[in-house]
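>>> with the input below, show me the fold.
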Amino acid sequence: MTTPVKLAVVYYSSTGTIAEIAKELRDAGVKAGAEVRLLKVAELAPQAAIDSNPAWAAHHAATAQIPEATPDDIEWADAVLFGTPTRFGNVSAQLKQFIDTLGGLWAQGKLADKVYSGFVSSATAHAGQESTLLALYNSIHHFGGITVSPGFTDPAKFNDGNPYGTSHVDAQGANPVDDTTRTAARIQAERAVRMATALKAAA
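Numbering: from 1, shown residues only. Alright, predicted model coming up:
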């Protein structure tokens, strides 16, 4: 019997949208037969900044029990799903800082030949979702990783319209994660697990 694919869902979320998508990806990964670790990256913002935003403070407290990702988690994984809110069309500092800790693994070739994919949220439409995912995937190319975007491989992807990864417009919290986004997350997780399974079988 083949061993299950090891899937790490690694994310940064300030007010909870990305965390909600991450949970959907985790659940879909488990249903697809993967062994899954749900992991947040370390918060870099000062407590005063967090406390100044009630939604941020509430989410920070509510997710205190979620383990923080380490390079060991990336080494462990066969597939990694990275999640971030957009920050001026780019990856959040918190997720980027975590990625920058992976240099030791990169130098040993331990980031290569894994499946990677990304998910993102923004406050408004056309607010850098695609550019954020493309910026994230620049790092994957340097890893020697295998980018597995969802594309339009499922007809439901035409509903959310983002071939680069799962994305959601949260309108500053006014638009909760909906069925369209949850379906996109399911498709993405299933595809990542399927491709990682194929790679393991071919190794």
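>>> then the lengthiest helix in the chain to CSV, C-alphas only?
Longest helix in the chain by number of residues, with DSSP state H as the criterion: helix 179-202. Taking Å, rounded to 0.1, in the frame of the first residue of the first chain, the C-alpha atoms of helix 179-202 are listed here in CSV:
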residue,chain,number,x,y,z
ASP,A,179,-19.6,28.4,-1.8
THR,A,180,-17.8,29.6,-4.9
THR,A,181,-14.6,30.0,-3.0
ARG,A,182,-15.0,26.8,-1.1
THR,A,183,-15.6,24.9,-4.3
ALA,A,184,-12.4,26.5,-5.8
ALA,A,185,-10.5,25.4,-2.7
ARG,A,186,-11.7,21.9,-3.0
ILE,A,187,-10.7,21.7,-6.6
GLN,A,188,-7.3,23.1,-5.8
ALA,A,189,-6.6,20.7,-2.9
GLU,A,190,-7.8,17.7,-4.8
ARG,A,191,-5.6,18.6,-7.8
ALA,A,192,-2.5,19.2,-5.6
VAL,A,193,-3.0,15.8,-3.9
ARG,A,194,-3.6,14.0,-7.2
MET,A,195,-0.4,15.5,-8.7
ALA,A,196,1.7,14.8,-5.6
THR,A,197,0.4,11.2,-5.6
ALA,A,198,1.4,10.8,-9.2
LEU,A,199,4.9,12.1,-8.5
LYS,A,200,5.3,9.8,-5.6
ALA,A,201,4.2,6.8,-7.7
ALA,A,202,6.7,7.8,-10.4
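>>> so what secondary structure elements neighbour it?
Helices and strands touching helix 179-202, by 3 or more CB pairs under 8 Å, 6 or more residues apart in numbering; DSSP states H and E, are strand 6-11, helix 17-31, strand 79-85, strand 115-122, helix 157-160, strand 165-169. The C-beta positions use only the backbone N, C-alpha and C, and glycine is treated the same way.
>>> just the residues contacting stretch 58-70, thanks.
8, 10, 13-16, 19, 37-43, 50, 98 (CB atoms under 8 Å, 6 or more residues apart in numbering).
>>> let me see the mean pLDDT of it.
Here stretch 58-70 scores 96 as its mean pLDDT.
>>> alpha carbons of that stretch, as PDB, please.
Extracted in PDB, the C-alpha atoms of stretch 58-70 (Å, rounded to 0.1, in the frame of the first residue of the first chain):
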ATOM      1  CA  ALA A  58     -10.300  38.600  17.700                       C
ATOM      2  CA  HIS A  59      -8.800  36.400  15.000                       C
ATOM      3  CA  HIS A  60      -5.300  36.500  16.600                       C
ATOM      4  CA  ALA A  61      -6.800  35.300  19.900                       C
ATOM      5  CA  ALA A  62      -9.000  32.700  18.300                       C
ATOM      6  CA  THR A  63      -6.200  31.000  16.400                       C
ATOM      7  CA  ALA A  64      -3.600  31.000  19.100                       C
ATOM      8  CA  GLN A  65      -3.700  27.200  19.200                       C
ATOM      9  CA  ILE A  66      -2.900  26.800  15.500                       C
ATOM     10  CA  PRO A  67       0.800  25.600  15.300                       C
ATOM     11  CA  GLU A  68       3.300  27.800  13.600                       C
ATOM     12  CA  ALA A  69       5.000  26.500  10.500                       C
ATOM     13  CA  THR A  70       8.700  25.600  10.600                       C
END
